[in-house]
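> could you work out the structure for the sequence below:
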Amino acid sequence: MKRNLLSIFIVLIAFIAKGQTSITVIDAGSSAVISNSATIFATTTVGGIPDEKDFTIKNTSVGTISYQVRRTDILLNKISPVDSATAYFCFGISCFPATTTITPTPVAIASNGTQSLKTYLSEATITGLSKVKYQIFNSSNVNDVFTFTIFYNSPLKVNENTEFLESVSDVYPNPSINKAQIVINSNLNTSNVIITITNALGSTISSKNTELFSGKNAIILDTENLNSGIYFATISSNNTKIVKKFTINK
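Numbering: from 1, shown residues only. As a prediction, the model looks like this:
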């Protein structure tokens, strides 16, 4: 009887452990914690400027663990055999070309310690769809894994890829001279929304927390001090990201 109970206990512990991970992933730009198996939506631009997403990988266990990263190119925008999007990444202090899909050497992270993960996508000469999956996994435990997917230039409507946003308008007027705004229709009240403006080089110009109320919200963007050029307004909340491109023409 005791042996049977012990066997059941071991199986139960193994089952519980299988669904847990020691890894927490944080969006370095918005400081939002990403949920496991999340899809992150992003847009790209042509002209040789890669889309960069920065993440912080944290070991939440009580001991040091060695991790590796695996990149899977589910879909890469391809215009011709010699003209296609290219995905690559950096983990810790090492960067890996598109030909490397899994880090060859594990990176040790101490308990509650962190390492950076930077993901990149260089667009083809014409913008198109790309989808790249990243997995951070414990080198000694295949069940200890964290997965997220970046979907570039998604054709999905906002209400198909977010939990609380019914719709997000384009920035208008576009092009803008001094003042611009964006209209967000929310399904609920929330204060956990960050609106970030970046330039064409990916540098953050401004970032602010915004409270949304259920219904229509007209959000004024911080554009008065912007020079003429191309910019991106990113609406972030947890694992949701909506990016809108706009132009300042003074």
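> show me the domain layout of the protein.
22-152, 158-248 (automatic domain parsing).
> hey, least reliable of the ones you listed by pLDDT?
For those, mean pLDDT drops lowest on domain 158-248, to a mean of 81.
> need the three-state assignment for the residue nearest the centre of the chain.
Nearest to the mean C-alpha position of the chain, counting by Cα atoms, centre = their mean, stands I40 at 4.4 Å. Classification of I40 by DSSP: H, G, I helix; E, B strand; the rest coil places it in strand.
> just the helices in this structure please.
2-18, 158-161 (DSSP state H).
> ok, the closest residue to L201 other than its chain neighbours - how many residues close by?
For L201, ignoring the flanking residues on the chain, the nearest one in space by Cβ to Cβ, 6 or more residues apart in numbering is I49 at 6.4 Å. C-beta here means a position set from N, CA and C on the backbone, and glycine is covered the same way. Burial measure for I49: 14 neighbouring residues, criterion other Cβ atoms under 10 Å.
> wait, what's in contact with I49?
Taking Cβ atoms under 8 Å, 6 or more residues apart in numbering, we find I49 in contact with 200-202.
> looking at the residues you listed, which one is closest to V107?
In terms of Cβ to Cβ, no member of the contacts of I49 lies closer to V107 than G202, at 24.4 Å.
> quick one: contacts for that closest one?
49, 51-52.
> can those go into CSV with extra columns for distance to V33?
Output for the contacts of G202, formatted as CSV (distance: Cβ to Cβ, whole Å):
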residue, distance to V33
I49, 28
D51, 21
E52, 20
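> just those residues: which are in strands?
Mapping the contacts of G202 onto strands (DSSP state E) picks out 51-52.
> which among the contacts of G202 gets closest to K78?
D51 (16.6 Å).
> run through who's touching stretch 86-100.
For stretch 86-100, contacts defined as Cβ under 8 Å, 6+ apart pick out 57, 69, 71, 73, 76, 103, 105, 107, 115-122, 130, 132, 134.
> cutoff 6 Å now
Residues outside stretch 86-100 that contact it (Cβ atoms under 6 Å, 6 or more residues apart in numbering): 69, 71, 73, 103, 107, 115, 117-122, 132.
> in those, find the pair that's most separated.
Maximum pairwise distance in the contacts of stretch 86-100, criterion Cβ to Cβ, is 24.1 Å, between V107 and S122.
> which of those two has more neighbours?
Per other Cβ under 10 Å, whichever of V107 and S122 has more neighbours is V107, with 19 against 16.
> number of nearby residues for I57?
I57: 21 surrounding residues under other Cβ under 10 Å.
> and what of G92?
Counted with other Cβ under 10 Å, the neighbours of G92 add up to 17.
> and the one 4 residues further on, by the same measure?
For F96, the count of nearby residues is 16 (other Cβ under 10 Å).
> how near is it to V69?
Per Cβ to Cβ, to the nearest Å, F96 is found 8 Å from V69.
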